[in-house]
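> Pasting the sequence and the predicted coordinates here, then a few questions.
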Amino acid sequence: MPRGVAAPLYFFCGDNSPLIDEALRLLSSALFPQGAAELDVRQLDALSCGPGDILEAARTQSFFSKKKLVIVRQAQAFKEAQWDKLKEYFKKPSASCCIVFILDLDEKDKKDKARIEAFRKSGPVFSFQNPRGDRQIMAFVKEQLAGRGKSIAQDALAYCGALLGENAQAIAGEIEKLALYCGERATVTAADVDAVVCGGDRGTIFNLVDAVGEGKPERSLELLAAILGSGVHPLVIIKMLARQFRLIQTARLLLDQGEPAPRIAQKLRLPEFVVRGLLQQARGWPADRIRMVFEEIFLASSLSKSSRAEPGMVLEQLLLRLPELRA
């Protein structure tokens, strides 16, 4: 906000709930330096309200402050006809109200990107996407811990990148537990992460790959059911399986080159006790078989994206097929 002046309209796009909530907190603090009264902020949900409710809230004068904040969540649910009813207001919004539309849209998606560009014509658009990949996950972890007055050892940070999924809200929950576990200590160690975070999705993926490598299809299907039951999308599981096998492939290559475990841990940027389990997995997979694993994972990914196949069934078939490749 230039010079602390809020725009009358904002569009917050993305699925990173913790960052969106933090942005709303900062916006509210700027609008209401002395604190917001109960009637200064109106929370609406597009799944249960319509354009009329938003316009009424925007045009209702606040008795306590010069400004009013209206937050509309799940706004991506509005149909085009509903947005049309709001467009006239967008042309001349109330100077005494700030409306924030929160939309679960991804600027990397072509359809979503077109919608986001249309919103830019009406007001500032901010992107709040979940972290993608280890590097962004680690950056988010570091940021979350810094907000709690803690730092994290490099190997512990890499361990978090290997264990945690790509859901910012879930990561924030794990980091909260980690900070509480560490208590007065300022630095988080790999042992802390192992004690608190290893129950995450990627930790279960490690166990899933273990079960596949040991030729235990019943155990692997049991773990798969648990992961799917926690709400993880099948395509995310396939992506995490691919990542785990990339680590196994790298570890196998380094083993074949005669590298010792400490050197492999250093190259993978993972704690040694994590790498020990990874090396055990790598020893059970010949290099040529790992290449075949990636072919099967790619096929499963393609089938899961097709409307002809049920993703959960595709995953089950993949897990039953992988032990055959290891033999």
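Now that the structure is in, tell me what you want to look at.
> mind listing what the residue nearest the centre of the chain touches?
The geometric centre of the chain, computed from its C-alpha atoms, lies nearest to Asn167 (Cα atoms, centre = their mean), at 2.3 Å. Applying Cβ atoms under 8 Å, 6 or more residues apart in numbering to Asn167 gives the contacts Asn130. Just so you know, the C-beta spots here come from the backbone N, C-alpha and C atoms, and that holds for glycine as well.
> quick one: it and Arg132, what's the gap?
Relative to Arg132, Asn167 is positioned 11 Å away (Cβ to Cβ, to the nearest Å).
> got the buried residues for stretch 57-77?
57-58, 62, 65, 67-75 (16 or more other Cβ atoms under 10 Å).
> could those residues be laid out in a markdown table, adding distance to Cys97 and secondary structure?
Compiled in a markdown table, the buried residues of stretch 57-77 are given as follows (distance: Cβ to Cβ, whole Å; DSSP: H, G, I helix; E, B strand; the rest coil):
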| residue | distance to Cys97 | secondary structure |
| --- | --- | --- |
| Ala57 | 8 | helix |
| Ala58 | 4 | helix |
| Ser62 | 8 | coil |
| Ser65 | 11 | coil |
| Lys67 | 7 | coil |
| Lys68 | 5 | strand |
| Leu69 | 8 | strand |
| Val70 | 6 | strand |
| Ile71 | 11 | strand |
| Val72 | 12 | strand |
| Arg73 | 17 | strand |
| Gln74 | 20 | coil |
| Ala75 | 16 | helix |
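> which residues of the stretch 101-250 of the chain score low on pLDDT?
The stretch 101-250 of the chain contains residues with pLDDT under 70 at 198-206, 213-214, 230.
> Mind jotting down where the strands sit in it?
Counting by DSSP state E, counting those that start in this stretch, the stretch 101-250 of the chain has strands at residues 125-127, 151-152, 187-188.
> Please produce CSV containing those strands, extended by mean neighbour count.
Formatted as CSV, the strands of the stretch 101-250 of the chain follow (neighbours: other Cβ atoms under 10 Å):
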stretch, mean neighbour count
strand 125-127, 16
strand 151-152, 19
strand 187-188, 20
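> Format those strands as JSON lines; extra columns: distance to Val314.
JSON lines is the format used below for the strands of the stretch 101-250 of the chain (distance: least, Cβ to Cβ, whole Å):
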{"stretch": "strand 125-127", "distance to Val314": "31"}
{"stretch": "strand 151-152", "distance to Val314": "37"}
{"stretch": "strand 187-188", "distance to Val314": "37"}
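> Determine which of the ones you listed approaches Leu47 most closely.
strand 125-127 (21.5 Å; Cβ to Cβ).
> Tell me which strands that closest one pairs with, and in which orientation.
strand 9-13 (parallel) (DSSP bridges).
> Would you map out the domains in the chain?
The chain breaks down into these structural domains: 2-127, 133-196, 201-326 (assignment by automatic domain parsing).
> just the helices in the stretch 1-150 of the chain please.
For the stretch 1-150 of the chain, the helices defined by DSSP state H, counting those that start in this stretch cover 17-31, 51-59, 80-91, 110-120, 133-146.
> State the mean pLDDT of the longest one.
This points to helix 17-31. For helix 17-31, mean pLDDT rounds to 89.
> got it, and stretch 60-75?
In this model, stretch 60-75 has a mean pLDDT of 84.
> before we move on, what about stretch 257-267?
88.
> Buried residues, that stretch. List them.
Using 16+ other Cβ under 10 Å, the residues of stretch 257-267 that count as buried are Ile264, Ala265.
> wait, what's in contact with Glu81?
I think there's a mix-up here, since residue 81 is Ala and not Glu. If a contact means Cβ under 8 Å, 6+ apart, then Ala81 has no contacts.
> quick revisit: could you provide the buried residues of stretch 57-77 in TSV, with additional columns for distance to Val100?
As requested, the buried residues of stretch 57-77 are arranged in TSV below (distance: Cβ to Cβ, whole Å):
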residue	distance to Val100
Ala57	12
Ala58	11
Ser62	16
Ser65	16
Lys67	12
Lys68	12
Leu69	7
Val70	7
Ile71	5
Val72	7
Arg73	9
Gln74	12
Ala75	9
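> quick one: which two of these are the most distant?
Based on Cβ to Cβ, the longest span within these runs between Ser65 and Gln74 and measures 25.9 Å.
> now for the strands of the stretch 101-250 of the chain, which one comes closest to Tyr89?
strand 125-127 (17.3 Å).
> can you list the residues that contact the closest one?
Taking Cβ under 8 Å, 6+ apart as the criterion, the residues outside strand 125-127 that touch it are Tyr10, Phe11, Phe12, Cys13, Gly14, Ala23, Glu107, Ile116, Phe119.
> Can you get me the centre-to-centre distance for that strand and its chain?
Computed by Cα atoms, centre = their mean, to the nearest Å, the chain-centroid distance of strand 125-127 equals 17 Å.
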